[in-house]
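S.K.: coordinates only, no sequence provided:
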């Protein structure tokens, strides 16, 4: 078949399977939007904490109000005993339990330095980090204020000196590249590429499965296996490149998140990633020759990709087996181009090693072509209509 | 067909289906080693930072040493100008930046409150938190030391000064995962999701495959089985197989990775039952609706990421849009994650987690009824249509041959 015939066959086939058509058209934008929507609040606010106030003094109440005033926290409940409070903490109703001991006010006034104890639920690590830093900050300002008042009242009448004596070293904390500590910007920009890769491999499988169902792989590959496969890969790559461009546009144009790097480089990286992912998907299918088994294999391969991308847990701290596994996943290399480009705006040349790694995926691609060649009619592959798998 | 014959047919259908076996046994065992792999080191340590020391005296150098001594950060470069520090930060992809201002020591002595500037790469959030924790801890310790020295200088006894350098101490205690390990954080919840998702895939592949046969008009034992019997047989096989896999995850895997196991044996099993039943019924429903086997895998695969992030262990449920949060409540894994984590990781009492348990049973009821209805529909359709189905099957063969 000629190139234009192959192309026409590929495009018309796309319309034959409503599932494939959805995957290639509206499903990716919908999933991307839903994932963004999930994190659209960006900053976690009003996380519930509980207080056990055993002092019931003016100071303990004002401290509780101070915690409540922190934007990330809200005091959702006062518990009459530590037992009640711990039960709520264990049930996950509150993320932290503040225990203000008896005699808090009296000891503070007498400068005996009492201690407020906070139990923070660290099972949810990200939430714990938000809650503890908010508590630490709220406590710090409260104590400094109390000390300044004390200093002014007793020995130091000058407010600047009273302040520096309470807080000798000031601190200025700057979250670089993500100024307002927006979680959406941090997580979504990694989640979308991960989902994108899942979509690419799933669609490739469905598209190959359609070819098998409709023609039988041997007949579909026919006498021109290389061009048949190449056209399919080309069409799918182009479609998913468009989806890639869509999610980048969604994040860095519509949502206006800062983008400091080079657009053409990102698009090129996406084209390469999409291409090799499609190739890996084809390889899986040609190896299993069965849609269900192929998707199970693909699930094992791409579903955990997010964990290996090194966004939540640094790559430098991963063990060697983990680093080996991640080097087999295209999107892990892609994200190492996207993040530095977007966040630091580094020179395009620094993306060369990652682009090189991605190009190495040519090998599985080649393997897919060789398999296709062997399964095609040219090599006496299966006959038309022949069932390639048994259902039971 | 008697119930036991049906059971035997179902068992044969499941255990001779390579796609199901690959997903159930291959997938579950493979994931149990693959997923914890990136987090094997538990905590990010010794993140590289650059220090710009504009003061250059013994106190600022001591601060440098204190920062370097924290487990969280490692000073990979020292510079004496801000521009140099910025350049190194960008070029070597440092995780953080500490600026010790000019006249730091003098201002401290004069009581002018010098300001330390910490910067962290917030595009990697948990790394940012780690770096900041290390830098702030060192800074706070130095501040406390300075305060104590001043108090001693003004005639306070050392013992008292050590106690009274602040008006009120804050004793922040991490509970349930005191070391802040990533394996303990991610794995318990993800394992529950893996069990849920692979169970749904397996049931979906079985049902979808039978739908393919129905469409071809091929005979099958499921077509003349009583719906209730088929539902009971199928769900009990899947539940039993997955009960064993649950034992493998909650027993072997958790102890292998040193993950907390606070739940009592009876309580744990009491939760496993509605969890597996709910997931099995949901899978059976999908299997009855979806025309082809691979579509169940597809739906589950696509839903995994949204489910991970709506189940509330990463992003707080309070911050999730209400509509998404409410929709997620219909998926058995969402209440199950809360329940399992509460019981097993946080040592919660069954009674205080009961609402999640009832919610799981509601899911069981919902999907159980739906599956039963769908089985009735399938039986009726199969009873009406066999000849027509055969015809279309032939047509497809002809078309394929063309």
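M.R.: Cool, got the structure. Computed from a predicted structure; not experimentally measured. Residues are numbered from 1 along each chain as shown, chains lettered A, B, ... in the order given.
S.K.: report back the residue of chain B that's furthest from centre.
M.R.: Among residues of chain B, the one most distant from the C-alpha centroid is residue B:155; the distance is 54.8 Å, by CA atoms, centre = their mean.
S.K.: do you know how far it is from chain A?
M.R.: 12 Å (CB to the nearest CB, to the nearest Å). The way it works is simple: take the backbone N, C-alpha and C, and place the C-beta from them, glycine included.
S.K.: mind checking the SS state of that residue?
M.R.: Going by DSSP: H, G, I helix; E, B strand; the rest coil, the secondary structure assigned to residue B:155 is coil.
S.K.: tell me the domain ranges of chain B?
M.R.: Dividing chain B into domains by automatic domain parsing, as the record does, gives the ranges B:3-38+B:182-401, B:47-164.
S.K.: how about TSV for the ones you listed, with mean pLDDT added?
M.R.: Compiled in TSV, the domains of chain B are given as follows (pLDDT from 0 to 100):
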stretch	mean pLDDT
domain B:3-38+B:182-401	89
domain B:47-164	85
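S.K.: save those as a markdown table, and put in distance to residue A:34 too.
M.R.: Shown next, in a markdown table, are the domains of chain B (distance: least, CB to CB, whole Å):
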| stretch | distance to residue A:34 |
| --- | --- |
| domain B:3-38+B:182-401 | 6 |
| domain B:47-164 | 21 |
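S.K.: which strand or helix spans the closest residue to residue B:227 other than its chain neighbours?
M.R.: Setting aside the residues directly before and after it, residue B:227 is nearest to residue B:375 in space (CB to CB, 6 or more residues apart in numbering or on different chains), at 3.5 Å. When elements are assigned from DSSP states H and E, residue B:375 belongs to helix B:354-384.
S.K.: wait, isn't the residue nearest to residue B:227 in contact with residue B:232?
M.R.: No - because the distance of 10.8 Å does not satisfy CB atoms under 8 Å, residue B:375 is recorded as not touching residue B:232.
S.K.: more neighbours: which of the two?
M.R.: Each of residue B:375 and residue B:232 has its neighbours counted (other CB atoms under 10 Å in any protein chain shown); residue B:375 has more, 23 against 16.
S.K.: now do the more buried one against residue B:300, distance only.
M.R.: Remark: distance between residue B:375 and residue B:300 (CB to CB, to the nearest Å) = 21 Å.
S.K.: repeat for residue B:322
M.R.: When distance is defined by CB to CB, residue B:322 is 25 Å away from residue B:300.
S.K.: repeat that for residue B:118.
M.R.: Summarising the geometry, the distance separating residue B:118 from residue B:300, computed by CB to CB, is 43 Å.
S.K.: okay, these two: which has more neighbours?
M.R.: Applying other CB under 10 Å to residue B:118 and residue B:300 shows that residue B:300 carries more neighbours, namely 25 against 22.
S.K.: next up, phi/psi of the more buried one, please.
M.R.: Main-chain dihedrals, residue B:300, degrees, to the nearest 10: phi -70, psi -40.
S.K.: residue A:176 now?
M.R.: Per-residue torsions, residue A:176: phi -80, psi 150 (degrees, to the nearest 10).
S.K.: now do residue A:346
M.R.: Its backbone dihedrals place residue A:346 at phi -70, psi 170, with angles given as degrees, to the nearest 10.
S.K.: re earlier: so what's the residue nearest to residue B:227 up against?
M.R.: Contact criterion CB atoms under 8 Å, 6 or more residues apart in numbering or on different chains gives B:227, B:228, B:230, B:231, B:288 as the residues in contact with residue B:375.
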